[in-house]
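**Q** sequence and computational prediction follow.
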Amino acid sequence: MLIPERRTFTTESHVDAARLVRRWEQHNADSLIELACEVPGGLHFRAREVNVNLEQVRFALVSGTAHSVARDEELIAARPGEAIAVYAALRGEALLECDGRRQVVRPGQLLVCDVDRPFLRGFGHGLMEFAVRIPRRTFTDYTGLEGLVSPLVIDSDANQFARALMRLVGRAVNAAVPTPVDEQAVLELVSVLATPGETPASAAHRAAARIYVDDHLTDPGLSAGDVAHGTGLSERHLSRLFAQAGTSVPRHVLARRLDLAYALLAHGDAQRTSDAAQRCGFTSTAYFSQSFKQRFAVTAGEVLRLGRGVERGSQFSQETLPAASRGRR
């Protein structure tokens, strides 16, 4: 289990324009995807990025004033990205140039592209968007594809999986308390979006079930029957889907609740362990404590004490926790 650490980068107004753009380029190269940035002459550039890294996937909430970014053949040859990117527009239209064609990506639409195929994206009126980076090897494992020949533009209003992905990313970068993201759900959602009509139905159904669980995690009455009904599946079929992933619906719900509780305690957002248990859908504090110790090899009370240190202003890091407490799958 990995509690995502949010890091925020902003451009600094007191540095000269050229240096400011280089700093932005370097941050993106280190944290997300290396891009060449260009700002229209005479305009002051401001940008902000909130980054969250999971075990394989990287998220970002990106905002900025007018500029353009590109990966041309020279940059790709020198520094290949070996990744697939998903961009979800929240504000501002983006002009996409790829394969000699131009297309406008509007708020509410998702762009899925291979970062090692040349493209240019222009934000004439600024932007706000979610960005997701998936390593090529991981993408191949989930889709069977080595990459994407052409970019895909998907309208979230007409695609439940696109909407679900945007919700997951939004929680990761915006939640008051950073909580562990269901990375498998993210990868299954991207595989469904990148291979429309080709991804096995099992991946789409399991992703929908995972999303339903996260949306109703704090409901103490949440059951496998609720998940099945909420996703339009039979309980038997739902059970098979989770068995294929090496778990069961009750075990998955328990794991997600414990992950959420750990985050609340570790970040000083609960006064007592019983508060965290109740907020995460547990009806028995004793069962919560036993399950917590079994999963993380550390008591909820010990994590709570660390969380109180954070609340007093000390720097929290997973490195401050006992090695055995970083979670087990």
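**A** Done, it's in.

**Q** how about the helices in this protein?
**A** Counting by DSSP state H, residue ranges of the helices within the chain are 17-31, 73-78, 136-143, 160-174, 183-194, 201-215, 224-231, 235-244, 249-266, 273-279, 285-296, 300-311.

**Q** how's this protein carved up into domains?
**A** Listed by automatic domain parsing, the domain ranges of the chain are 6-174, 200-329.

**Q** ends of stretch 7-16, how far apart?
**A** Taking CA to CA, to the nearest Å, stretch 7-16 runs 24 Å from one end to the other.

**Q** residue 104 against residue 92, yeah?
**A** No. In this structure, residue 104 is not within contact of residue 92 by CB atoms under 8 Å, at 10.9 Å. All C-beta atoms are positioned from the backbone trio N, CA, C, and that covers glycine.

**Q** these two: which has the busier surroundings?
**A** The residue with more neighbours, out of residue 104 and residue 92, is residue 92; 19 against 12, by other CB atoms under 10 Å.

**Q** next, that one: phi, psi?
**A** phi 90, psi 130 (degrees, to the nearest 10).

**Q** got a list of what residue 26 touches?
**A** Shown here is residue 26, which makes no contacts under the criterion CB atoms under 8 Å, 6 or more residues apart in numbering.

**Q** how about low-confidence regions in the stretch 101-250 of the chain?
**A** Residues of the stretch 101-250 of the chain meeting the criterion pLDDT under 70: 198-199.

**Q** how many residues are close by the nearest residue to residue 166 once chain neighbours are set aside?
**A** Computed as CB to CB, 6 or more residues apart in numbering, the closest residue to residue 166 that is not its neighbour in sequence is residue 88, at 5.1 Å. By other CB under 10 Å, the residues close to residue 88 number 25.

**Q** could you pull up the contacting residues of residue 88?
**A** In this structure, residue 88 makes contact with 109, 110, 111, 129, 130, 131, 132, 156, 162, 165, 166, 169, judged by CB under 8 Å, 6+ apart.

**Q** which of the residues you listed has the most neighbours?
**A** For these, neighbours were counted using other CB under 10 Å, and residue 165 has the most, 27 neighbours in all.

**Q** and the closest residue to that one other than its chain neighbours, how far from residue 236?
**A** The shortest distance from residue 165 to any residue other than its chain neighbours is 4.5 Å, reached at residue 189 (CB to CB, 6+ apart). According to CB to CB, to the nearest Å, residue 189 and residue 236 sit 24 Å apart.
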